[in-house]
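Colleague: Dropping the sequence and predicted coords here.
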Amino acid sequence: MDHKQIITTYETILIITNKMLAAAEDSEWEKLITLEKECRKLTNKLVINNSDHELSDELLQKKIKIIHQVLANDAKIRLITEPWMKNLQNMINTVGHKRNLQQAYQTNENF
């Protein structure tokens, strides 16, 4: 990847994380998952094509600024999704406990 492609890829990741944040804020979980997959592809592309090309100071500063914005988006997304994930886990656990109780009582009824 050349310098322009590297920066363009970082900019695209920022655009996607902005969309991810909006999806999380709107509880659009399927959209969030789809966008996260797109973001992962681009970050993998950066890792695979990691070159030793040194960026100019200007481009390096731009890259750093973008990375900070992406990390800020990620933190905001986590603030939204972590409570939702805990709630989902609690619901799953409750269903599992109910199923275990039903199975236990059904087994006792057979005696």
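Modeller: Looks like it came in fine.
Colleague: Next, Leu71: phi, psi?
Modeller: Leu71 adopts backbone torsions of phi -60, psi -40, taken as degrees, to the nearest 10.
Colleague: any idea how far it is from Asn18?
Modeller: 13 Å (C-beta to C-beta, to the nearest Å). Where you see a C-beta, it was placed from the backbone N, CA and C, and this is true even at glycine.
Colleague: Which of these two has more residues huddled nearby?
Modeller: Asn18 (14 against 11; other C-beta atoms under 10 Å).
Colleague: Please list all residues in contact with the more buried one.
Modeller: Asn73 (C-beta atoms under 8 Å, 6 or more residues apart in numbering).
Colleague: Show me where this structure has its helices.
Modeller: 3-25, 29-48, 57-109 (DSSP state H).
Colleague: what angle sits between the first one and helix 29-48?
Modeller: Angular relation of helix 3-25 and helix 29-48 on a 0 to 180 degree scale: 160 degrees, by axes from the mean of the first three to the mean of the last three C-alpha atoms, to 10 degrees.
Colleague: Between helix 57-109 and helix 3-25, find me the angle.
Modeller: Going by the same axes, to 10 degrees, helix 3-25 makes 40 degrees with helix 57-109.
Colleague: How about the second one?
Modeller: Between helix 29-48 and helix 57-109, the angle formed by their directions is 130 degrees, by the same axes, to 10 degrees.
Colleague: For helix 29-48, buried residues please.
Modeller: Leu32, Leu35, Glu36, Cys39, Lys45 (16 or more other C-beta atoms under 10 Å).
Colleague: just to revisit the earlier point, need the helices of the chain in JSON lines with mean pLDDT, can you?
Modeller: Below are those laid out as JSON lines (pLDDT from 0 to 100):
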{"stretch": "helix 3-25", "mean pLDDT": "96"}
{"stretch": "helix 29-48", "mean pLDDT": "95"}
{"stretch": "helix 57-109", "mean pLDDT": "82"}
